[in-house]
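Asker: This is the structure alone, sequence omitted:
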């Protein structure tokens, strides 16, 4: 493919640059690890036969056990006696340039007081013994052996910035004396180091600036002038500032120590960002895309509560069908901390933590979750906000909607393409939509080239995971950031795609996903701005009644189009208003089979043996097409055994509505009922029903069409119920 030719050219120039100047490295703008799987940009350290740190599906666990060592480390000894566990970048080579703008953030907790040795995290220049340069900006703790005469001097917990071993080039802030800082590192804290090239060096704990240094602070107005890496370590070494007895130069003597027991720590996440990295991207509203915020940010765990938003969006005049979409990830850390959580707030509606419309680490277990809320909103401004607990990741906030729009495809894939795929037509989705704009949304991930290394010589993008999309034969292309997945830029992280495109014809359309290697896809959605005139079921009546100790749900359909069948959803509350959608649960074990394609009327029924026990019980009918498209009808309230005492015509819902609405009514005895629709001038638009009904509560559906089967215009309409000597009228509003 052409893209691989481009990659080879890029590789050639990078290789020439490497040979002319120095070893070149490929450093992603974002290196974020939430420790669900091992990242190829790390090396796990295990000197002295210690066990590697372990990614535990949401955190990194490292333990140093019973180290053996008792003496000074000397040049040429190969660090005999050193025991070390940790994680660092790039095979112990300095990959970040002295002029780079770099930020590292780590959330870490030590599990016990430090035995004799050191541990820490931050940016440093790796160096063997004797240590003469020792350039670093890091957080470091050290415990010296109590038998040493210099133990008190070399036992500390500090934020340090230093260049060379000279004391005048070593700047540190104590973190354990309470003046002004007292950081207990056996508790969770978030540490940040910002190294702004040759300009400044800053260290933060839980968002508070601890130390800031600039070149002018050094005696020679110098800088940290070496390339460097990141390290998070735990060892049995004590570092002592001293003088080399032979050369007389200041140096650092390194001593290994032995003891019995464990020294442990856990890391929630590490995030390293280059100056070129930009997290949030906002896209202007256009067409059916009312809001698009690509967030891709992890909460730092410093404080729970408001995280992102409010993001404001505008619903067009007359109100609209709106689909709210957001993707995120939450995890749990076993017994080391409480789980991650994210919740959404739409206007004044708080969807709450640990609900079906939230991200819950205990349930999600680090898996990508895309939440879809299909609703109708009034015209005007609305807002969407996100609140968090701990350190979840929010990838995006997207809202699509229009007058007459419809979610025509809502498919959960949760699968990876077969390994060794090569331009493989992996997934095909058929959907119906009227001509005009459609919005395609895909969430998923892709892994980098196997064995990927920072060194350019190991880069080969022919075997990373990649995904491309086709709609009705139109190819959106490989390696297009806005419409594809590329493993060598994602490194296994999640991503969402949101594409707008017009379709020329009304009817069936085909969306295809093509794979190289094994990209992962979670959700695929398609929203049609002009809707779908071929909805699978035309529902005309829907009721739920208590009969002989059971709940009997009945519904009448006038026609069916590729209708696979129906589900019955139930919810319970003690209010007169129906519960939120996430309160409803499916009660039928198997799909209630539909008729596929049928143009004739049919009555369906389902018996639910649930006992209401004086509670209000609500039901929704859900029809499912062959293509997996789902449409909800209702809810309706279960009519209890107590006989109604009078005729009653209730207010339609929703109101205003588009494209259909329910008209509920109650009759005290078996009777013939007629319901007519009139326009504002009193002209008869449609006779909805003129038939016999049993005693109880019922509901009929108006689809916004007249007797000629044409859709009527927006406006105010009246509906009239007549039965025996009873007649009553109510008003409703249709909005396109």
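Answerer: Everything's here; your move. No experiment lies behind these values; they were computed from the predicted model shown.
Asker: Any stretches of the stretch 551-700 of the chain with poor pLDDT?
Answerer: Applying pLDDT under 70 to the stretch 551-700 of the chain flags the ranges 576, 640-644.
Asker: how about a cut-off of 90?
Answerer: The stretch 551-700 of the chain contains residues with pLDDT under 90 at 552, 554-562, 573-584, 596-603, 612-616, 624-648, 650-662, 664-671, 679-683, 689-700.
Asker: now the strands for it?
Answerer: 585-586, 592-598, 602-608, 616-625, 630-637, 648-649, 661-667, 671-679, 684-693, 696-702 (DSSP state E, counting those that start in this stretch).
Asker: Mean neighbour count and distance to residue 416 added to these, as TSV?
Answerer: C-beta coordinates here come from the backbone N, C-alpha and C atoms, glycine included. Listed next are the strands of the stretch 551-700 of the chain as TSV, based on neighbours: other CB atoms under 10 Å; distance: least, CB to CB, whole Å:
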stretch	mean neighbour count	distance to residue 416
strand 585-586	12	27
strand 592-598	16	32
strand 602-608	14	37
strand 616-625	22	25
strand 630-637	20	25
strand 648-649	18	54
strand 661-667	22	42
strand 671-679	17	51
strand 684-693	15	49
strand 696-702	23	41
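Asker: Select, out of the ones you listed, the one closest to residue 523.
Answerer: strand 630-637 (13.5 Å; CB to CB).
Asker: Who are the packing partners of that closest one?
Answerer: Judged by 3 or more CB pairs under 8 Å, 6 or more residues apart in numbering; DSSP states H and E, strand 630-637 is in contact with strand 537-547, strand 550-573, strand 616-625, strand 661-667, strand 696-702.
Asker: what angle separates that strand from strand 537-547?
Answerer: 30 degrees (axes from the mean of the first three to the mean of the last three CA atoms, to 10 degrees).
Asker: Adding distance to residue 407, write the strands of the stretch 551-700 of the chain out as TSV.
Answerer: Converted to TSV, the strands of the stretch 551-700 of the chain look like this (distance: least, CB to CB, whole Å):
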stretch	distance to residue 407
strand 585-586	19
strand 592-598	20
strand 602-608	24
strand 616-625	12
strand 630-637	9
strand 648-649	31
strand 661-667	18
strand 671-679	27
strand 684-693	26
strand 696-702	19
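Asker: Nearest to residue 301, out of those?
Answerer: strand 585-586 (33.4 Å).
Asker: Given the closest one, what are its sheet partners and their directions?
Answerer: Strand pairing for strand 585-586, using DSSP bridges, gives strand 550-573 (antiparallel).
Asker: just checking, residue 56 touches residue 334?
Answerer: Yes. Contact status for residue 56 versus residue 334: in contact at 7.1 Å, counting by CB atoms under 8 Å.
Asker: tell me, how many neighbours does residue 500 end up with?
Answerer: Taking other CB atoms under 10 Å as the criterion, the count of residues near residue 500 is 17.
Asker: If you could redo that for residue 25, that was the one I meant.
Answerer: Residue 25: 20 neighbours (other CB under 10 Å).
Asker: any idea how far residue 233 is from it?
Answerer: 21 Å (CB to CB, to the nearest Å).
Asker: next one: residue 715
Answerer: On the measure of CB to CB, residue 715 and residue 233 end up 72 Å apart.
Asker: and stretch 687-703, how far from the chain's centre?
Answerer: 44 Å (CA atoms, centre = their mean, to the nearest Å).
Asker: mind checking the SS state of the residue in the chain sticking out farthest from the centre?
Answerer: Relative to the C-alpha centroid of the chain, counting by CA atoms, centre = their mean, residue 246 is the outermost residue, at 58.9 Å. Put simply, residue 246 is coil when judged by DSSP: H, G, I helix; E, B strand; the rest coil.
Asker: Apart from its chain neighbours, what residue comes closest to residue 507?
Answerer: residue 432 (6.2 Å; CB to CB, 6 or more residues apart in numbering).
Asker: What number of residues are in the vicinity of the one you found?
Answerer: 23.
Asker: Please report phi then psi for it.
Answerer: phi -100, psi 140 (degrees, to the nearest 10).
Asker: you'd agree it is up against residue 407?
Answerer: No. Using CB under 8 Å, residue 432 is not in contact with residue 407; the gap is 11.9 Å.
Asker: Hmm, residue 315 and residue 378 touching each other?
Answerer: Yes. The pair residue 378 / residue 315 is scored as a contact, 6.6 Å apart, by CB under 8 Å.
Asker: out of the two, which sits in the busier spot?
Answerer: Taking neighbours as other CB under 10 Å, residue 378 and residue 315 compare with residue 315 leading, 21 against 13.
Asker: Thanks a lot, catch you later.
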